[in-house]
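Colleague: Next input, structure requested:
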Amino acid sequence: MEDGHDDGVILVIDDDQTNIKVIIDTLKPAGLTVISARNGEMGIKRALFALPDLILLDVMMPGIDGFETCRCLKSEPATQAIPILFMTALNDEESKVKGFDVGGVDYITKPFGAREVVARVKTHLNLKRKQDLLERLVGIDGLTEIPNRRQFDTVFDKEWRRALRTQTPLALIMLDIDYFKNFNDGYGHTAGDECLRKVAQTLAGSVQRASDFVARYGGEEFAVILPGTPLESAVNIAEKIKENVESLHLYHAFSQVSNYVSLSLGVAELIPSNEISPQNLIEMADRALYRAKAQGRNQVISWCELQ
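Modeller: Predicted coordinates:
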């Protein structure tokens, strides 16, 4: 039950097919896509897969009820920020307070009023978009205009949990600009800032998938998160990044390894388990980067080469 609009995706979780149809008929003219699930368990799975912009959740359902479904959705990092509006015929204060306590943001009372449903949904969609924009701005490095260390930590934690759940590989590239301090000292901080900007934008343009993530890790160090990527593919991406930065031909007379700005890169990959921590992968990539620098810089070293 989906419509082709792009103004927002709404997940309706309700065991009553008639109610679902009413919601679709109400929201479709407002330019919204509606997907549905008939119980809490299915709703949680669909939310984790589709990551909708907003969830309309019935309170009274067989199996786990709406309150427990909401608790589960709010416990998952991938869905915890999605606004949840309860749909219920219950109008007592205790039920409403319970809904807010478990993470709901609003109530829609049955029977539905079409204009009220559209108004409440659009209000919470707008609030969510403003919140997302604010979080993106907070997570952007002001100089390079790519995500910063804070955003890296958030995304890395999310991708680690996802890879742990799906048992798929997670790869990480840590990289440094070679002899950047010499560049900064020799050409001045203005030129150094421009160098950082150009390198950062080149890194961002070197990854292809929407799930790949590039961040400024600190100073002249950057990080690239590659979900679902085996080590060999991650090394190939690192080599491409290295070549793309070299092709900028940013003259670096103060480098000891090249006439142009170059990179040292460390690559690591693993399939997460409960026996290891996310920090282990960062340390593996860091050690590979350290080896690349110790062996002369301007090269890619993978974790497997350290074994």
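Colleague: care to break the protein down by domain?
Modeller: Domain ranges of the chain: 9-138, 149-306, per automatic domain parsing.
Colleague: Including mean pLDDT, could the ones you listed go into a markdown table?
Modeller: Below are the domains of the chain laid out as a markdown table (pLDDT from 0 to 100):
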| stretch | mean pLDDT |
| --- | --- |
| domain 9-138 | 90 |
| domain 149-306 | 95 |
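Colleague: Check which residues of stretch 18-30 are buried.
Modeller: 19-20, 22-24, 26-28, 30 (16 or more other C-beta atoms under 10 Å). Backbone N, C-alpha and C define where each C-beta goes, glycine included.
Colleague: helices and strands around the lengthiest helix in the chain, which ones?
Modeller: Secondary structure of the chain per DSSP state H: the longest helix is helix 114-138. Judged by 3 or more C-beta pairs under 8 Å, 6 or more residues apart in numbering; DSSP states H and E, helix 114-138 is in contact with helix 17-27, strand 54-58, strand 84-88, strand 106-109.
Colleague: what would those look like in JSON lines with distance to residue 191?
Modeller: Formatted as JSON lines, the helices and strands packed on helix 114-138 follow (distance: least, C-beta to C-beta, whole Å):
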{"stretch": "helix 17-27", "distance to residue 191": "53"}
{"stretch": "strand 54-58", "distance to residue 191": "47"}
{"stretch": "strand 84-88", "distance to residue 191": "50"}
{"stretch": "strand 106-109", "distance to residue 191": "52"}
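Colleague: Spit out the contact partners of the closest residue to residue 241 other than its chain neighbours.
Modeller: Leaving aside its chain neighbours, residue 241 sits nearest to residue 206 (4.6 Å; criterion: C-beta to C-beta, 6 or more residues apart in numbering). Counting by C-beta atoms under 8 Å, 6 or more residues apart in numbering, residue 206 makes contact with 214, 237, 240-241, 244.
Colleague: Selection in PyMOL covering whichever of these are buried, please.
Modeller: In PyMOL syntax, the buried subset of those is picked out as below (16+ other C-beta under 10 Å):
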select buried, resi 214+237+241
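Colleague: Would you map the helices across this structure?
Modeller: 17-27, 40-50, 66-75, 93-101, 114-138, 149-166, 180-187, 189-206, 231-246, 278-294.
Colleague: tell me the contacts of residue 20?
Modeller: Contacts of residue 20 by C-beta under 8 Å, 6+ apart are 1, 12, 14, 36, 38.
Colleague: Any of the residues you listed buried? List them.
Modeller: Counted by 16+ other C-beta under 10 Å, the contacts of residue 20 give 12, 14, 36, 38 as buried.
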